[in-house]
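# Sequence first, then the predicted structure:
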Amino acid sequence: MSSSNHKRDEQRNIKNNIYKLLVKFANTKLLKPIKPILVKIILKYNLFSIRSTKYENSSKTKNFKTILRYKDLVSDDFEPKNGSDNIEITDELVREIRSRIDIGPSVLAIAHENFTEKIGGIQTVMNLENRIIGRASGNYWSLNPVKSQSSFAFSPTLELLHNGKLIGQIETENISQLFKILKLDSNGLNRPLHIVLHSLLGHDPGKISEAIKVTDIESVHFYLHDFYSICPSIKLLRNDSDFCSGPKITSTSCKVCIYKDIRADHVSKINSIIQIPEVTLVAPSVSTQEIWKASSELAKNLIFAPHLQLTPVGSRATRSNSRPKIAFFGPPHKEKGWQAFLSLYELLQESHEFFVFSSFDLHISGLTFRLLKNNLGEINHTRDLLLENEIDYAFIYPYWPETYSLVTTEAISAGVFVLTHSNSGNVASLVAEYDSGAEFEDLESMVNFLKSDIHANLNLRVYDAEFIGIVEKLARV
């Protein structure tokens, strides 16, 4: 048995023992009579945190309410209302919702985080959507869990935003009621509601599926921003290391992965949504579309819709840096190519300057850091930042095929030459489409290229980016 398997078995045994002790404690003669009261108190004030021992019951959430799925912990005369005493959406919140409704289209976006506070690809797309709907005098509703999660959650508390402004919280049990409320205008008359699923991390997919089925939703678009719809490994990295292409669950290659025991249940939960006739899958790139088709049998409602369109608007000044500038973008994670970037820096630090554009405020000797903030939909902001810093090369070297890569379009729009590899997904596709970079087999070949003087003749075109995603089309409906 491998060390990783042995470690997982030890963790599983610890969880089982904790669970048994918890059950034994809750069912003692002293506590059993008041157990329903204790459970209510624990749920109301979130006093206890533990990982459940069965993934199918908890989806790895840390909230105590997952434990309530076990019948031997809860007395027969107590029926918890899915972890919440507040079953109805308050009249105050309903009034708040109706007071904000505008005359334009209504879109409800479901995501993993508050898009106005966090930085990332999905958040950028949502900020662009919010701007588009705002220009159409519409309503951009969004739901995200109060607490970020790395997996599904059982009945989480959700934040509701309208046009980027937080207006209240609801329990997941109320999501069907919320859908019906959002379908009414300020006069109580029915209106179309379009749902865009950006991420289900931290959500309860079963509750979302039920809500869609019982509500007359105009359209539901499920974005494939990553490969979470295929496997709990968002980037399809076998054992969090190598890209696996999403093999069949019954395949040998899947059985040697750390996600083998939870993948089938995970996919089943996702499919409960995908199989709804009104749901359309949206692939932001052709490479993502091809990977998903090869990995799932539910591709009949799969369409291709890129996020951005680039229009040439001029050219940048001739490169004049005596030491060409190479930039890394995003969080310093291994799967983003961070270690490879540091290796490149070690090899070329004497002849090149190295920059890091990131929301992580890091300080490493020899690297120049530029802190990125949420630009709230100003899509050409990063382009202008690259031009201001006279960046020559963008090192975009992910360990997995990027489904879109907004940063690649930002680099290309600034006339920056992209350094990547052939298995980088849409990064390589965008490089080929705009003739704005090169693919390298390894760092050695990249180093040889960068040591030459060829950089003086690279493409210097500058582009304006325009959002053309699904919501842009919905805004015109």
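Here it is on my side, so go on. Numbering: from 1, shown residues only.
# CA atoms for contacts and neighbours, from now on please.
Fine.
# and Cys231, how many neighbours?
24 (other CA atoms under 10 Å).
# so how far is Lys260 from it?
9 Å (CA to CA, to the nearest Å).
# Give the residues shared as contacts by the two.
Shared contacts of Cys231 and Lys260 (CA atoms under 8 Å, 6 or more residues apart in numbering): none.
# which regions of the stretch 1-150 of the chain sit below the pLDDT cut-off?
1-87 (pLDDT under 70).
# Tell me where the stretch 251-400 of the chain has strands.
Assigned by DSSP state E, counting those that start in this stretch, the strands in the stretch 251-400 of the chain fall at 279-283, 302-304, 308-315, 325-329, 353-358, 367-371, 393-395.
# hang on, Gly104 packs against Tyr140?
No: with contact defined as CA atoms under 8 Å, Gly104 does not reach Tyr140; the gap is 9.8 Å.
# Of the two, which one has the most company?
Tyr140 (28 against 17).
# Helix, strand, or coil at the more buried one?
Using DSSP: H, G, I helix; E, B strand; the rest coil, the three-state assignment for Tyr140 comes out as strand.
# quick one: contacts for the closest residue to Lys260 other than its chain neighbours?
Nearest non-adjacent residue to Lys260, counting by CA to CA, 6 or more residues apart in numbering: Cys254, 6.0 Å away. By CA under 8 Å, 6+ apart, the residues touching Cys254 are Arg238, Pro247, Lys248, Lys260.
# quick revisit: which residues are in contact with each of Gly104 and Tyr140?
With CA under 8 Å, 6+ apart as the test, Gly104 and Tyr140 both reach Ile133.
# quick one, what contacts the closest residue to Gly415 other than its chain neighbours?
Nearest residue to Gly415, sequence neighbours excluded (CA to CA, 6+ apart): Leu460, at 4.6 Å. With contacts defined as CA under 8 Å, 6+ apart, Leu460 is in contact with Ser315, Arg316, Ala317, Thr318, Ala414, Gly415, Val416.
# what about 7 Å?
Neighbour list for Leu460: Ser315, Arg316, Gly415 [criterion: CA atoms under 7 Å, 6 or more residues apart in numbering].
# Can you give me the pLDDT of the residue lying closest to Leu184 once chain neighbours are set aside?
Excluding the flanking residues, the one nearest Leu184 by CA to CA, 6+ apart is Asn190, at 4.6 Å. As predicted, Asn190 sits at a pLDDT of 87.
# Quick one: neighbours of Asn190, just the number.
Neighbour number of Asn190 under other CA under 10 Å is 14.
# How much space separates the residue nearest the centre of the chain from Ser229?
Centroid-nearest residue in the chain: Ser199, 5.1 Å away (criterion: CA atoms, centre = their mean). Relative to Ser229, Ser199 is positioned 10 Å away (CA to CA).
# highest average neighbour count across the strands of the stretch 251-400 of the chain?
strand 393-395 (a mean of 25; mean count of other CA atoms under 10 Å).
# So which other helices or strands are in contact with the helix or strand following it?
Next helix or strand after strand 393-395 toward the C-terminus (DSSP states H and E): helix 406-413. On a contact count with 3 or more CA pairs under 7 Å, 6 or more residues apart in numbering; DSSP states H and E, helix 406-413 meets helix 381-388, strand 461-467.
# Which of these sits closest to Ser351?
With distances scored as CA to CA, the stretch of the helices and strands packed on helix 406-413 nearest to Ser351 is helix 381-388 (19.9 Å).
# With that, I have no additional questions.
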